[in-house]
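> Compute the structure for the input listed below.
(2 chains)
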Amino acid sequence: MQLGIAAFILRKLLRLALLLIAVAIFSFVLISLSPIDPIDAYVGADMLQISPEQRDIIAQRWGLDQPMMTRFILWLRQLASGNLGTSIIFNQPVSTVIGSRFQTSLQMLAIAWLISGALGLAMGVVAGARAGSWLDRAIRFYAYTLAASPTFWVALLLLLVFSVSLKITPICCATPPGVLTRDVTVWQRLHHLILPAATLSLIGVANIALHTRQKLIEVLNSDYVLFARAQGESLVGIIRHHGLRNIILPALTLQFASLSELFGGSVLAEQVFSYPGLGKATVEAALRSDVPLLVGIVFFSALFVYTGNLIADLTYQIVDPRIRIGKSS
Amino acid sequence: MATSFLRRRPAIRFNRRQITLWSIALCTLFLVAIVFSNRFIGDTGLDPALTQRNQPPSLAHLFGTDWLGRDMLTRSLHGMSLSVRVGLLAAGFSAIIGTGLGLMAGTLGGKVDAVITWIIDVFFSLPHLVLLIMISFALGGGTEGVIIAVALTHWTSLARIIRAETLQVNSSDYVQLSYKFGRSPFWIARHHMLPHVIPQLLVGLILLFPHAILHEAALSFIGIGLSPHTPAIGIILAESMRNLSTGYWWVGVLPGLLLLLAVQAFDTLGENVRALIDPKTSQG
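You can find the predicted model right below:
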């Protein structure tokens, strides 16, 4: 058993290392092929004021005169020691920027993730239990519509209704303007993240609801449910004792796997609400050619998604008595 | 699935096959109309008419007008037409990549299969939008950037399906016999696998379109996609952001609704074509 867990962790770490190497090669090749000149991007508006000699000095200092392979190895060595470089637009180490931005996003992501999971599961159970009813149709219509809606448009609608028309939520940002960061209350923070979190929850519900509905219908059509029914078990009882046990595991995996889409959605939602989180930083980095920050975010997002999938794997091992680490598979 | 909403109409009763065929016809008509709408409505609504600025939706301007007095319906249709065409092109390339790699993985097996499966895993472990932004950025943005970015990132799920399908056929007797006769894997992929996966490919391709269109719109919306001077749907929605607080809701809501309808039409089309091709559901 003990050995099994060690092997499991080792295998996961190996996969992670392989993944990060792949991301490194991928980013390096993309950035090298790109038509964006790193010196131009760095110098920006002062382009006319520097001489070719000065450009050469910058190129030499950055090692741009080296061949591609050497540059890649140099860069990889820096990466391995945890140095992601300095962000051009924030003038801070990339890891610092990502850390502070992610903290702002994290509360929003966590709330959206929990709500969409719980609500999606509930909707799926209701729709599955009453398959074919008008409630089921309504839930399915909702799920299919939301699955086809552009995230940024849903965000835009919410902004229009709740901030512009009803004026009950703020129109932008994560804190009220003109208030120092240390003076911001928890309530004000929550107030500002309601809409972005609501956007992501509303959309995140669709997938898990449809999936849960399908699973529950399968369970309800099974022989053991027929038998339970014959013994006089009520629908609620059947769902509690037979349905949920079978539904919750795939739902959990699906919800952890959705972290990738949640992250992508947060990029768009934060853009609409000008919420200064990691998603907004991604857009800023791309629009203003901040290569170190962009590459840093790509690495971070890969880690984020990987962690989500890893947790899903681990919960499977813990929750599901049929799969245990170390058992012969 | 969306057909079930039609089924409740009491007056005319269609059987399921008829509903499927009608859904396919209507969705196709709607989408073809969108793609070619810019041809027959012309450019007249696109000229600024300052006397008619910021008008709410009315019979003359169904979608209202923007801050330059341009007709929003004309602009939205032009934008959708462009976005759908970009989406079709990108999804088409993506399907070619997906089919090629899926067939290779399924037919050649072994190390090739392992490498391709691993590449697919790597793609799945990055948030899709981040990947799109990264590729689009590296290519310097613009229309080509978006098309290449969308094409390079949407093939994975299709490749998985084709690979699974090919693996199944690969173990069948007639394929094994073909190997024994000395046919090359390429010949087998071309003559035994490809005809077999064409239905899956068709459905997969149609269901790729909505994703491609939504992602193109998202990239254009955040400013990394098509240039701000093209009337793409993402650009129109990004512009509407500036007018939100002034209460001109129609500038953002209605073009977005059109985008939503187009995406749903593609989804419905794909699901119904799937139902028609699948022998289990085609005769119902």
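
> Please name every helix or strand in contact with the helix or strand harbouring A:Val225.
Using DSSP states H and E, A:Val225 sits within helix A:223-230. Applying 3 or more Cβ pairs under 8 Å, 6 or more residues apart in numbering or on different chains; DSSP states H and E, we find helix A:223-230 packed against helix A:235-238. All C-beta atoms are positioned from the backbone trio N, CA, C, and that covers glycine.

> just how off-centre is the helix it packs on within its chain?
Computed by Cα atoms, centre = their mean, to the nearest Å, the chain-centroid distance of helix A:235-238 equals 35 Å.

> How about stretch B:166-184?
34 Å.

> which of the residues in it are buried?
For stretch B:166-184, a neighbour-count test (16 or more other Cβ atoms under 10 Å in any protein chain shown) marks B:Thr166, B:Leu167, B:Val169, B:Asn170, B:Val175, B:Ser178, B:Arg183 as buried.

> then it to CSV, C-alphas only?
Provided in CSV are the C-alpha atoms of stretch B:166-184 (Å, rounded to 0.1, in the frame of the first residue of the first chain):
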residue,chain,number,x,y,z
THR,B,166,-9.6,3.7,-36.1
LEU,B,167,-8.2,1.5,-33.3
GLN,B,168,-11.5,-0.5,-33.4
VAL,B,169,-11.4,-1.0,-37.2
ASN,B,170,-7.7,-1.8,-37.0
SER,B,171,-8.2,-5.0,-35.1
SER,B,172,-10.9,-6.3,-37.5
ASP,B,173,-10.3,-9.2,-39.8
TYR,B,174,-10.4,-7.5,-43.1
VAL,B,175,-7.8,-4.9,-42.0
GLN,B,176,-5.6,-7.6,-40.6
LEU,B,177,-5.9,-9.5,-43.9
SER,B,178,-5.0,-6.3,-45.8
TYR,B,179,-1.8,-6.0,-43.7
LYS,B,180,-1.0,-9.7,-44.5
PHE,B,181,-1.4,-8.9,-48.2
GLY,B,182,1.4,-6.3,-47.8
ARG,B,183,-0.6,-3.1,-48.0
SER,B,184,1.1,-0.2,-46.4
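
> what does the average pLDDT come to for it?
Stretch B:166-184 comes out with an average pLDDT of 89.

> Now for whichever residue of chain B sits closest to chain A, how many residues are close by?
Per Cβ to the nearest Cβ, B:Leu129 is where chain B lies closest to chain A, at 3.3 Å. As a burial measure, B:Leu129 scores 26 neighbours (other Cβ atoms under 10 Å in any protein chain shown).

> try A:Leu254
A total of 18 residues lie near A:Leu254 under the criterion other Cβ under 10 Å.

> Give me the subset of the buried residues of stretch B:166-184 that lies in strands.
Among these, no member falls in strands (DSSP state E).

> Name the nearest of those residues relative to B:Leu254.
B:Thr166 (44.4 Å; Cβ to Cβ).

> follow-up on the earlier one: check which helix or strand covers the spatially closest residue to the residue of chain B closest to chain A that is not a sequence neighbour.
Residue nearest to B:Leu129 in three dimensions, not counting chain neighbours: A:Gly264, with 3.3 Å by Cβ to Cβ, 6 or more residues apart in numbering or on different chains. Secondary structure assignment for A:Gly264, by DSSP H and E: helix A:259-273.

> elements contacting that helix?
Against helix A:259-273 (3+ Cβ pairs under 8 Å, 6+ apart) you get helix A:94-129, helix A:151-158, helix A:186-220, helix A:278-287, helix A:291-319, helix B:128-138, helix B:194-222.

> residue closest to the middle of the chain?
No chain was given, so I picked chain A. A:Phe263 (2.4 Å; Cα atoms, centre = their mean).

> To clarify, I was referring to chain B.
B:Phe209 (1.1 Å).

> Let me see the contact set for it.
By Cβ atoms under 8 Å, 6 or more residues apart in numbering or on different chains, the contact list for B:Phe209 reads B:Val84, B:Gly87, B:Leu88, B:Ala91, B:Phe266, B:Gly270.

> Mind checking which of these are buried?
B:Val84, B:Gly87, B:Leu88, B:Ala91, B:Phe266, B:Gly270.

> Please list which of those residues are also close to chain A.
Among the buried ones among the contacts of B:Phe209, no residue lies close to chain A (Cβ under 8 Å from any Cβ of the partner chain).

> tally of neighbours for the nearest residue to B:Ser227 once chain neighbours are set aside?
In space, and not counting its chain neighbours, B:Ser227 is closest to B:Gly142: 6.3 Å by Cβ to Cβ, 6+ apart. Using other Cβ under 10 Å, B:Gly142 has 15 other residues around it.

> which residues touch B:Ile116?
Shown in contact with B:Ile116 (Cβ under 8 Å, 6+ apart): B:Leu101, B:Gly102, B:Met104, B:Ala105, B:Ala159, B:Arg163.

> out of those, which is most surrounded?
In the contacts of B:Ile116, the most neighbours by other Cβ under 10 Å go to B:Gly102, 30 neighbours.

> Check the gap between the residue in the stretch 201-329 of chain A that chain B sits nearest to and A:Gly243 for me.
Nearest to chain B, among the residues of the stretch 201-329 of chain A, is A:Gly264, at 3.3 Å (Cβ to the nearest Cβ). According to Cβ to Cβ, to the nearest Å, A:Gly264 stands 31 Å off from A:Gly243.

> A:Pro276 too?
42 Å.

> So between those two, which is more surrounded?
A:Gly243 (23 against 18).

> Isn't that one up against A:Leu216?
Yes: shown here, A:Gly243 and A:Leu216 form a contact pair, counting by Cβ atoms under 8 Å, at 5.5 Å.

> Write out the residues of the stretch 151-284 of chain B neighbouring chain A.
Checking the stretch 151-284 of chain B against chain A by Cβ under 8 Å from any Cβ, the hits are B:210, B:214, B:217-218, B:221-224, B:237, B:240-241, B:244-245, B:247, B:249, B:252-253, B:256, B:259-260, B:263-264, B:267.
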